[in-house]
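**Student:** Provide a 3D model corresponding to the input given below.
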Amino acid sequence: MMPVMLKMEIKKLKPKNRRYLGSKTRLLHKIKEVVQKECTNVNSFLDLFAGTGVVGDIFNNENTSVIFNDNLTSNYYSYIAWFGTQKVNEKLIEEVIVYYNQIKVKTENYVSLNFADTFFSKQNCRKIGYIREDIERKFMNKEINDREKAILITSLLMSLDRIANTVGHYDAYRKNGELDKDLLLYNLDIPNIKQNKNNQVYCEDANELIKHIKADLVYIDPPYNSRQYCDAYHFLENIAEWKKPHVVGVAKKFDRDNKKSKYSLRNAPKFFSELIENVDAKYILISYNNMGNKGASRSNAKISDFEILNALSKRGKVLEFSEDYQPFTTGKVSINNHKERLFLCKVGESSKPLEVIKTTNGFAKSPLNYTGGKFKLLPQLIEKFPEKIDVFVDLFAGGFNVGANISAGEIIYNDSQDQVKRIIDLLYREKPEKIVNTIEEIIKKYELSESQKNGYDYYNCNSDSGLGSYNKEKYYKLRDDYNDLKNSKHRDYILLTLIIFSFNNQIRFNSSDKYNMPVGKRDFNSSIKSNLIKFSSIIKDKNIIFSNSDFMNVEIPPNAFVYCDPPYLLGLASYNESDKWNIERETNLLNLLKKLDDRGVKFALSNVIEHKGKINTVLYDWIEFNHFNKIHIKSSYGNSNYQLQEKNGITREVLITNY
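**Tutor:** Here you go, the predicted structure:
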């Protein structure tokens, strides 16, 4: 018999109260918004990699069957606890928790012998071991049912997490951390049984379960990187399973080989593709981040955007949504501009191969890191452009970041550098998957690095120093072969591959028209693949005319809006080496724009008017004399190939308009 104890005020916990790597609590509003807007008649919801269960929880109601699955036993118990269908004696649960909170344990047990003064104090370890053993005894004696057992285990695990001497996971403990907090269990906020009546709970391999189950909407949130959840939560998994295994190492881990996720291994893209092929649903919703190669190697995403889109586009129409999100790091790496993405596939709906529908969350970025590219400035520029544009003339189009994101009846791409124009034309004409496949064939032929597939260690390199030392000789062989080839479509593919592997992805030709950029640090990683696919898909929906003329010779129709992003006199870059852009050329451009103004043609001109006291007087006087509008632009070229003559100077970038 359990001794009678005084009743205590016990706080009730919800799934969102759990600390968990990759928890989607902050993304719930976006997930719900996307489902409500884009999906209809969702009566069953499968949360295939459920983790904390917070996503399935927001769809849990009397009219929806929610299916929860995870390969960790600790998570499985929490789903039974919150979302199970078995009746619960809540009074009994409360009495047991009150009893556990008041006991003092003086005898040693499995937990105290193995974990004392690591994640918890010795006294708390004694208590943990006693409570877990008592839960098992009560269940074996049929004093509690399956769900009541799950509630008590989940209460214990969540309460442990609240006082653990960790930084949120159990890969390590703090060597001089606080161990003086007492273990107190909290009750769970259990939903009404009617709310759970149609739910199902599984603890299976996702790729196997998906072959035998169907739902209206399947939500997939797999591990993103090489950090295994069974490593991060081995202690909680040990307590949940209660098999009392042998533990080793400083962190006291047990053998977890049977719990390793396929999605944290090198072959993750293969398993993902197989998973998507077997989904039986009306909608597939994927969460994935855009880490790419931004962080430490362990944090880098295992599945590229290309591989996600390639798998989903075979099943139906794909929509992409994104949300700013701060990823977990070990504290050694700062990650900026991190986004959590949602990919929604409407199964069976017609779609173009690898098409992604651009949302209001961003613009398509050119895969060419072209000198002075305006991708980061697009929001400022486009809001200043006319609302309705019949013909958009991108007079110095370069990497085409501006023109690609313009809505117009017709777009004229012009650039005097034929090689750059040919690449943009290639991206416009060819299917994205063909472009990617051809680049990968070239990479294999020349044995260039494939860090996304093999990692940096495979090439005896690291993410800081880059892959240049491995690729150098292979890259120069590819460059020589390109320079020896005559014009051909395949030559354009080789140039695109060269640019991807070149220093800062720059484009530069010598006086003999030979490509002469040295090898760079990076390769065809997931970020570049993603940009290429998005960019190529989006420009295909536009009516683009390509031109390779000097700006003075481009025919401007009367209903056009002309955008100019010429070389800057106050800049140093490959385009104005050897006096390629000078005051004479600048004056010719300004005279052309004045003639357009006289014809009633609207224009916008990007330029730098001043840098640390150095003023482009030709431009300044021209603006003042003609009373054109001068709009100051907040700009930064810290990561681009464009350099101002004095790096520490104050720079004033402007957009000049005649409307």
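
**Student:** For the rest of this, base every contact and every neighbour count on C-alpha atoms.
**Tutor:** Will do.

**Student:** Would you mind listing where the stretch 1-150 of the chain has pLDDT under the threshold?
**Tutor:** 1-10 (pLDDT under 70).

**Student:** need the strands for it, in chain order.
**Tutor:** 12-13, 44-47, 65-69 (DSSP state E, counting those that start in this stretch).

**Student:** Of the ones you listed, which is nearest residue 114?
**Tutor:** Closest to residue 114 of the strands of the stretch 1-150 of the chain is strand 12-13 (CA to CA; 28.4 Å).

**Student:** Indicate each strand paired with that closest one and its parallel or antiparallel sense.
**Tutor:** Based on DSSP bridges, the pairing partners of strand 12-13 within the sheet are strand 187-188 (parallel).

**Student:** With residue 203 as the reference, measure out to residue 256.
**Tutor:** 15 Å (CA to CA, to the nearest Å).

**Student:** before we move on, what about residue 451?
**Tutor:** In this view, residue 451 and residue 203 are 33 Å apart by CA to CA.

**Student:** Now do the SS call for residue 271.
**Tutor:** Following DSSP: H, G, I helix; E, B strand; the rest coil, we place residue 271 in the helix state.

**Student:** My read is that it contacts residue 265, right?
**Tutor:** No. If you go by CA atoms under 8 Å, residue 271 and residue 265 don't touch, sitting 9.7 Å apart.

**Student:** Kindly provide the distance from residue 392 to residue 408.
**Tutor:** 6 Å.

**Student:** nope, residue 117 is what I meant
**Tutor:** 67 Å.

**Student:** can you check residue 620 too?
**Tutor:** 30 Å.

**Student:** Just want to know which of the two has more residues nearby.
**Tutor:** It is residue 408, of residue 620 and residue 408, that has more neighbours when counted by other CA atoms under 10 Å, with 19 against 14.

**Student:** if I pick the more buried one, what's in contact with it?
**Tutor:** By CA atoms under 8 Å, 6 or more residues apart in numbering, the contact list for residue 408 reads 388, 389, 390, 391, 392.

**Student:** Residue 552 too?
**Tutor:** 588, 589, 592.

**Student:** can you do 10 Å?
**Tutor:** Residue 552 makes contact with 395, 585, 588, 589, 591, 592, according to CA atoms under 10 Å, 6 or more residues apart in numbering.

**Student:** and what of residue 387?
**Tutor:** Counting by CA under 10 Å, 6+ apart, residue 387 touches 407, 408.

**Student:** Could you do residue 166 as well?
**Tutor:** Here residue 166 is in contact with 118, 119, 120, 172, 173, 174, 175, 177, 178 (criterion: CA under 10 Å, 6+ apart).

**Student:** Quickly find the element holding the residue lying closest to the first one once chain neighbours are set aside.
**Tutor:** The reference is to residue 118. The shortest distance from residue 118 to any non-neighbouring residue, by CA to CA, 6 or more residues apart in numbering, is to residue 173 (6.2 Å). Under the criterion DSSP states H and E, no helix or strand holds residue 173.

**Student:** For residue 173, give me its contacts.
**Tutor:** By CA under 10 Å, 6+ apart, the contact set of residue 173 is 117, 118, 119, 120, 164, 165, 166, 167, 250, 251.

**Student:** Same check on residue 162?
**Tutor:** Taking CA under 10 Å, 6+ apart, we find residue 162 in contact with 17, 18, 19, 168, 181, 183, 184, 185.

**Student:** anything in contact with each of residue 271 and residue 265?
**Tutor:** Among the neighbours of residue 271, those also in contact with residue 265 (CA under 10 Å, 6+ apart) are residue 303.

**Student:** Torsion angles phi and psi at residue 564?
**Tutor:** phi -120, psi 130 (degrees, to the nearest 10).

**Student:** Tell me how far it lies from residue 402.
**Tutor:** 10 Å.

**Student:** higher neighbour count, these two?
**Tutor:** residue 402 (23 against 20).

**Student:** do you know how far the more buried one is from residue 320?
**Tutor:** 21 Å.

**Student:** just residue 381 next, same as before
**Tutor:** For residue 381, the distance to residue 320 (CA to CA) stands at 24 Å.

**Student:** now residue 389
**Tutor:** In terms of CA to CA, residue 389 sits 26 Å off from residue 320.

**Student:** which SS state does residue 542 fall under?
**Tutor:** Secondary structure for residue 542, judged by three-state DSSP, is coil.

**Student:** do the same with residue 184
**Tutor:** Going by three-state DSSP: residue 184 is coil.

**Student:** what about it, neighbour count?
**Tutor:** Applying other CA under 10 Å, we find 18 other residues in the vicinity of residue 184.

**Student:** ditto for the one 5 residues further on
**Tutor:** For residue 189, the number of neighbouring residues by other CA under 10 Å comes to 13.

**Student:** what residues are up against it?
**Tutor:** With CA under 10 Å, 6+ apart, residue 189 has these contacts: 11, 12, 13, 14, 15, 81, 82.

**Student:** If I look at it, what pLDDT would I see?
**Tutor:** Among the per-residue scores, residue 189 shows a pLDDT of 92.

**Student:** for residue 593, same thing?
**Tutor:** Residue 593 carries a pLDDT value of 98.

**Student:** Please apply the same query to residue 573.
**Tutor:** Looking at residue 573, its pLDDT is 51.

**Student:** Which parts of the stretch 551-659 of the chain are strands?
**Tutor:** All strands of the stretch 551-659 of the chain, identified by DSSP E, counting those that start in this stretch, fall at 560-564, 571-572, 602-611, 614-615, 629-633, 643-644, 651-657.

**Student:** what pairs with the third one, and is each one parallel or antiparallel?
**Tutor:** Meaning strand 602-611. By DSSP bridges, strand 602-611 pairs with strand 560-564 (parallel), strand 614-615 (antiparallel), strand 651-657 (antiparallel).

**Student:** Least reliable of the ones you listed by average pLDDT, please.
**Tutor:** Mean pLDDT values for these show the minimum at strand 614-615, a mean of 88.

**Student:** Now do it: distance to the chain's middle.
**Tutor:** Distance of strand 614-615 from the chain centroid (CA atoms, centre = their mean, to the nearest Å) equals 41 Å.

**Student:** Now do the buried residues in the helix or strand hosting residue 424.
**Tutor:** Secondary structure assigned from DSSP H and E places residue 424 in helix 418-429. Across helix 418-429, burial judged by 16 or more other CA atoms under 10 Å covers 419, 420, 421, 422, 423, 424, 425, 426, 427, 428.

**Student:** Would you map out the domains in this protein?
**Tutor:** By the record's domain assignment, the chain is partitioned as 12-347, 371-416+549-659, 417-543 (automatic domain parsing).

**Student:** Between the two ends of the first one, how far is it?
**Tutor:** If I follow you right, that is domain 12-347. Taking CA to CA, domain 12-347 runs 40 Å from one end to the other.

**Student:** now swap in the last one and tell me
**Tutor:** Start to finish, the residues bounding domain 417-543 are 21 Å apart (CA to CA).
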